[in-house]
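Undergrad: Here is my input; please provide its structure:
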Amino acid sequence: MLQFARSGILLVFGGIVLGPAAICAQSEPQGRPQIPPAVAAPANPLADAPSKERSSWRRGRPSVFPGAKIRFPDVASWVQGDPITAWEPRSIYLIEFFLTTCGHCEESAPLIAEYARAFANRGVVLFAVTEEEPAIVAQWLSEENRREVMTYSIAADPDKSTLQQFQFATLQHTTPRIFIVQDGIVQWYGHPDDLDKPLNGVLDGTWNPESIRTEFVLNSQEKRARDEINQAYTACEKSGDWSSLRTLVDAIIAGFPERKRVFELIRFGALIGSMGEESEGYEYGHALALQYNTDANTLRSIARTVLNAPYVQHRDLPWAFALAQQADTLAEHKDARAAEALALAHWSKGDRAQALSNLERAISLDSTGKLRAEWSQKLSLWKEAAPGPVPSKPRNAVRGKTADEGMADEPSTPSK
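TA: Residues are numbered from 1 along each chain as shown. Below is the predicted model of the structure:
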């Protein structure tokens, strides 16, 4: 689900509405739960945006991606370790971007250091870069025995030149984030938790960065488009006039067919949430759910928007429940997020026993463990709280203008 908040904005979305029952029944295989009717869908609610809107948006173009050549950065200051000044032939470089204020960065430091130690005899060289001032970094390293963990070279980049060359050139800036570079060619970049497969592939000589180039470029373009939407949302929230956000999202949908579904879901969430256009939004959502009626992730996201998006004033609980059931069935009851969405649907209907049972199933299905803590906390709360629909947050007097910041929910694209 997406959300827009005042500063980091998150436009909450995640739920989709199916079309009229008769139409849905025709398109669904036997055995799937039937979707109850809500509002009648318009003749063509998913029609492309007008050409005027289509020409008003251009995709971002990353200059760094897997397979791209990149020069060695002009590092301003080495705070720790031996300075590294050039790519050495056949060496494999791990460049980590971190912040001293980033808790996840500190959690990842032992893992990154272990990779460097384990493969040092195979030409792996690790160094880390932060955009903070050298004095701040040096002070931070002197505390809590951090130097004993972070034994590798660390550079300070207060002028952000290295940040511009690597991070910003991918159209993204996240921490912790690690790049693999060999012979001046970017092999891969991402979260340290996902480093194992690409690093071993590079070490074994079986890794082909060109094979992931298209996906990474699309991810960068999607992130840039989301940033533009967030900026537009901030302006619209202040003015109470949501027309520019609508125009931008429609243009992105028309100009980004590879990720069209993501932004259609964002449009749906915006309409029934912050914009306050629930009638139009549910019509649009019904058509989306019909179009993607075999996509478990889409139906699950739609259901969660209806059930959990904070500024939705009228939650169509029967419809969202049926969507959550269908998503769980399509996932063959093996997907953690689908199980959690169904748990939320049961909770919203007041069925504590089924909500707890499905949430326990979701926790057991979370193979990555990344959501286990959050869901375990929810499980404890649900054992004591009274079940029922998630309360809606009021909008301000200006229609569609939110009263306070949005509440973070699931990402619009499936997590790994």
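Undergrad: For the stretch 101-250 of the chain, which segments count as strands?
TA: In the stretch 101-250 of the chain, strands defined by DSSP state E, counting those that start in this stretch lie at 124-130, 153-156, 177-182, 185-190, listed in chain order.
Undergrad: Below-threshold pLDDT in the chain: ranges please.
TA: In the prediction, the chain carries residues with pLDDT under 70 at positions 1-55, 396-416.
Undergrad: repeat that with 90
TA: 1-57, 74-76, 115-116, 144-145, 149, 234, 237-240, 367-370, 394-416 (pLDDT under 90).
Undergrad: Off-centre distance for the top helix by length along it?
TA: Identified as the longest helix of the chain according to DSSP state H is helix 213-239. Offset of helix 213-239 from its chain centre (C-alpha atoms, centre = their mean, to the nearest Å): 11 Å.
Undergrad: List the buried residues in that helix.
TA: Going by neighbour count (16 or more other C-beta atoms under 10 Å), the buried part of helix 213-239 is 216-226, 228-230, 232-234, 236-237. (Glycine included, C-beta is placed from N, CA and C.)
Undergrad: List phi and psi for Asn308.
TA: Asn308 has phi and psi values of phi -130, psi -10 when expressed as degrees, to the nearest 10.
Undergrad: What helix or strand is the nearest residue to it once chain neighbours are set aside located in?
TA: Residue nearest to Asn308 in three dimensions, not counting chain neighbours: Val390, with 5.2 Å by C-beta to C-beta, 6 or more residues apart in numbering. Using DSSP states H and E, Val390 sits in no helix or strand.
Undergrad: how much space between Leu323 and Leu344?
TA: Leu323 sits 11 Å away from Leu344, going by C-beta to C-beta, to the nearest Å.
Undergrad: His286 now?
TA: 20 Å.
Undergrad: Distance to Glu107 and mean neighbour count for the strands of the stretch 101-250 of the chain - can I get that in CSV?
TA: Shown next, in CSV, are these (distance: least, C-beta to C-beta, whole Å; neighbours: other C-beta atoms under 10 Å):
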stretch, distance to Glu107, mean neighbour count
strand 124-130, 14, 22
strand 153-156, 17, 22
strand 177-182, 14, 22
strand 185-190, 16, 20
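Undergrad: can you redo these as CSV with distance to Gln377?
TA: What follows is the strands of the stretch 101-250 of the chain, written out as CSV (distance: least, C-beta to C-beta, whole Å):
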stretch, distance to Gln377
strand 124-130, 31
strand 153-156, 35
strand 177-182, 27
strand 185-190, 27
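Undergrad: To Tyr311, which of the ones you listed lies closest?
TA: strand 177-182 (31.7 Å; C-beta to C-beta).
Undergrad: can you dump the C-alpha coordinates of that closest one into PDB?
TA: C-alpha atoms of strand 177-182 as PDB (Å, rounded to 0.1, in the frame of the first residue of the first chain):
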ATOM      1  CA  ARG A 177      23.500   0.000   0.100                       C
ATOM      2  CA  ILE A 178      26.400  -1.800  -1.400                       C
ATOM      3  CA  PHE A 179      27.900  -1.800  -4.900                       C
ATOM      4  CA  ILE A 180      30.000  -4.500  -6.500                       C
ATOM      5  CA  VAL A 181      32.500  -3.200  -9.000                       C
ATOM      6  CA  GLN A 182      35.000  -5.200 -11.000                       C
END
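Undergrad: from the middle of its chain, how far away would that strand be?
TA: So, by C-alpha atoms, centre = their mean, the centroid of strand 177-182 is 21 Å from its chain's centroid.
Undergrad: What are the contacting residues of that strand?
TA: With contact meaning C-beta atoms under 8 Å, 6 or more residues apart in numbering, strand 177-182 is reached by 70, 87, 90-97, 112, 166-167, 186-192, 195, 198-199, 202.
Undergrad: Now with 7 Å, please.
TA: 70, 87, 92-97, 112, 166-167, 186-192, 195, 198-199, 202 (C-beta atoms under 7 Å, 6 or more residues apart in numbering).
Undergrad: before we move on, the earlier item: what angle sits between the longest helix of the chain and strand 185-190?
TA: 50 degrees (axes from the mean of the first three to the mean of the last three C-alpha atoms, to 10 degrees).
Undergrad: list the helices and strands helix 213-239 packs on?
TA: Packing partners of helix 213-239 (3 or more C-beta pairs under 7 Å, 6 or more residues apart in numbering; DSSP states H and E): helix 243-255.
Undergrad: How about the helix it packs on, which residues are buried there?
TA: So for helix 243-255, counting by 16+ other C-beta under 10 Å, buried means 245-255.
Undergrad: Would you tell me what the next helix or strand after that helix is?
TA: Downstream of helix 243-255, the first helix or strand assigned by DSSP H and E is helix 260-272.
Undergrad: Tell me how many other residues surround Gln164.
TA: By other C-beta atoms under 10 Å, 14 other residues sit near Gln164.
Undergrad: what does Glu148 give?
TA: 8.
Undergrad: same question, Trp382
TA: Neighbour tally, Trp382, other C-beta under 10 Å: 17.
Undergrad: I figured it hits Leu344, correct?
TA: No: counting by C-beta atoms under 7 Å, Trp382 stays clear of Leu344, with 9.9 Å between them.
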